[in-house]
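Q: let me see the structure of the following:
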Amino acid sequence: MTNRIIFRILAALMAIVSIVIIYQHIKATEVDMVLSCRNELVAKNPNSDTIEHHSLIADFTLQKRSASISYRYFTTDGNPIATLYLTGDVLSAYKEKDTYILNLTHNELIRHNTELPLPQHASHLEAFAKRNISKKGVHNLTIQITNRNAQQNTVLLYFLPSTNICACNLVEMK
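A: As a prediction, the model looks like this:
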């Protein structure tokens, strides 16, 4: 009889410890920030050998464990071309290293003006994400804040696997 009581107490303690560990992991991966990045895209058209210029606004929203990215493409005159949406969740958040691993499971490309050519960045990113999601069920993206300017609320953001770096405005939600 006493062995059963001891076993039940140990089982209850193990369950409590497991719940605390899981809760701490979930809380540790929660993030509340918005990054807005503005870039000029310059690419050589492989068909005509001309240099193409476009503007890109990329908004990254990490809220709790959800992640969403919108890449908005424009002509240099500000005419909208397309928006690529990627959504999923935050797999890991290494806050001490400002590194966030995103599991993106949905993508959607919306063309705003089909008469304007789609920037190469949009074509490549959409094809890459679509292929990964269809084959593996997920498109992984790691972003790392490499430098912060707290006075101007700006950061340098490093992307993997592409190894691109861009400057972004940062809003941390508390």
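Q: use CA for all of it now, contacts and neighbours both
A: Noted.
Q: near H53, how many residues? Count them for me, please.
A: Neighbours of H53 under the rule other Cα atoms under 10 Å: 14.
Q: am I right that it sits in a strand?
A: Yes: secondary structure assignment places H53 in a strand (DSSP: H, G, I helix; E, B strand; the rest coil).
Q: going forward, count from 13.
A: Noted, 13 is the first residue going forward, which turns the last one into H65.
Q: could you look up the SS state of I17?
A: helix.
Q: tell me how far it lies from I177.
A: Separation of I17 from I177 (Cα to Cα, to the nearest Å): 59 Å.
Q: ditto for N115
A: In terms of Cα to Cα, N115 sits 20 Å off from I177.
Q: so which of those two has more stuff around it?
A: A side-by-side neighbour count of N115 and I177, using other Cα under 10 Å, places N115 first with 23 against 15.
Q: which parts of the strand or helix carrying the more buried one are buried?
A: Using DSSP states H and E, N115 sits within strand 111-123. Counting neighbours by 16 or more other Cα atoms under 10 Å, one finds that the buried residues in strand 111-123 are T111, Y112, I113, L114, N115, L116, T117, H118, N119, L121, R123.
Q: any weak-confidence spans in this structure?
A: Applying pLDDT under 70 to the chain picks out residues 13, 19, 21-41, 185-186.
Q: and the helices in this protein?
A: 14-40, 132-148 (DSSP state H).
Q: against which helices or strands is the shortest one packed?
A: It stands for helix 132-148. strand 111-123, strand 151-161 (3 or more Cα pairs under 8 Å, 6 or more residues apart in numbering; DSSP states H and E).
Q: test my guess that A79 contacts L114.
A: Yes: A79 is in contact with L114 according to Cα atoms under 8 Å; the separation is 6.9 Å.
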